[in-house]
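Student: Make a model of this:
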Amino acid sequence: MKLRTAAAVALAVLLAGCAGGTGGEGASAPPGPEQRELTVFAAASLTEVFSQLEPRFEQAHPGVDVVYNFGASSDLAQQIVNGGPADLFAAANTSTMKTVSDAGLVDGGSTVFATNVLEIVTPPGNPAGIRSFADLARPDLKVVVCAPQVPCGSATEKIEQATGVTLSPVSEEPDVKSTLGKVTTGNADAGLVYATDVRAAGDDVQGIEFPESAQAVNSYPMAVVAEAPNADLARAFEELVTGPDGRAALESAGFGGP
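Tutor: Numbers count the residues shown, from 1 in each chain. As a prediction, this is how the structure comes out:
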């Protein structure tokens, strides 16, 4: 009888211990990290670098999901002015950032973090034999450029003015990635894109540097948007881009220093 009683007590203690180890009915698991989204509006030419930095930032900030809106800087600036939900804006030139700052939507000023220049892009092997910026004016070529209102198109116009060479493009694209796509899909003999886009396209294209590109160096500014819901995360992302890891990623992609 005593043995049965002792066994029952031991079983009760064991069950109580197990209940304590698993939290038991009514206990709750420790809360996880707060789930937040950092929304970054960024120039299309930053797609590869910023996408590369995304997992590094999310790993350092548990619970944070970085959401990008890549596109033409002028379009993104207008979206922000119209109330687009951006925490951070990274543009491909200073004039598009000015659109946002003039509207009073930049918190604390902007920081230039990179530079970029245009490069001629052709299909692999350069079948049209293009060797210079002036060659792009040849009437036998189908040339594509960015529209004048976007930074890569504005840079194209500056080079035309500096050289006196007038281009007659078959198409003016809404952003640099669309311009590159016209060449990679065989719809153009050549285009003008950023040097970084040529490098990102790899063997799908051939790049041709030209000295006149120095006449139109684009500076890339970045700023936290005024009253951004996640301004603290935006500043942390800005620190990542301008810090050693971001600097290395930008240089590897072909961007110049600020």
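Student: buried residues in whatever helix or strand residue 107 lives in?
Tutor: When elements are defined using DSSP states H and E, residue 107 is found to belong to strand 106-116. Applying a neighbour-count criterion of 16 or more other C-beta atoms under 10 Å, one finds 106, 107, 110, 113, 114, 116 buried in strand 106-116. The way it works is simple: take the backbone N, C-alpha and C, and place the C-beta from them, glycine included.
Student: What is that strand packed up against?
Tutor: Applying 3 or more C-beta pairs under 8 Å, 6 or more residues apart in numbering; DSSP states H and E, one finds that strand 106-116 makes contact with helix 94-102, strand 218-225, helix 231-242, helix 244-253.
Student: Now the buried residues of strand 106-116 in TSV, please, with extra columns for pLDDT.
Tutor: Below are these laid out as TSV (pLDDT from 0 to 100):
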residue	pLDDT
106	97
107	96
110	97
113	98
114	98
116	97
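Student: ok, the residues you listed vs residue 255, which is closest?
Tutor: residue 114 (4.1 Å; C-beta to C-beta).
Student: beta partners for that closest one?
Tutor: Counting by DSSP bridges, residue 114 forms beta bridges with residue 220.
Student: so it makes contact with residue 254?
Tutor: No. Counting by C-beta atoms under 8 Å, residue 254 is not a contact partner of residue 114; they are 9.9 Å apart.
Student: how about the buried residues of strand 106-116, which pair is most distant?
Tutor: When C-beta to C-beta is used, the two most widely separated members of the buried residues of strand 106-116 are 107 and 116, lying 24.7 Å apart.
Student: and residue 205, what is it in contact with?
Tutor: Applying C-beta atoms under 8 Å, 6 or more residues apart in numbering to residue 205 gives the contacts 121, 122, 123, 124, 180, 183, 184, 198.
Student: hang on, residue 41 packs against residue 81?
Tutor: No. Applying C-beta under 8 Å as the test, residue 41 and residue 81 come out as separate, 11.4 Å apart.
Student: list the contacts for the closest residue to residue 258 other than its chain neighbours?
Tutor: In space, residue 258 comes closest to residue 112 once its chain neighbours are excluded; the distance is 4.4 Å by C-beta to C-beta, 6 or more residues apart in numbering. Residue 112 makes contact with 94, 219, 220, 221, 222, 258, according to C-beta under 8 Å, 6+ apart.
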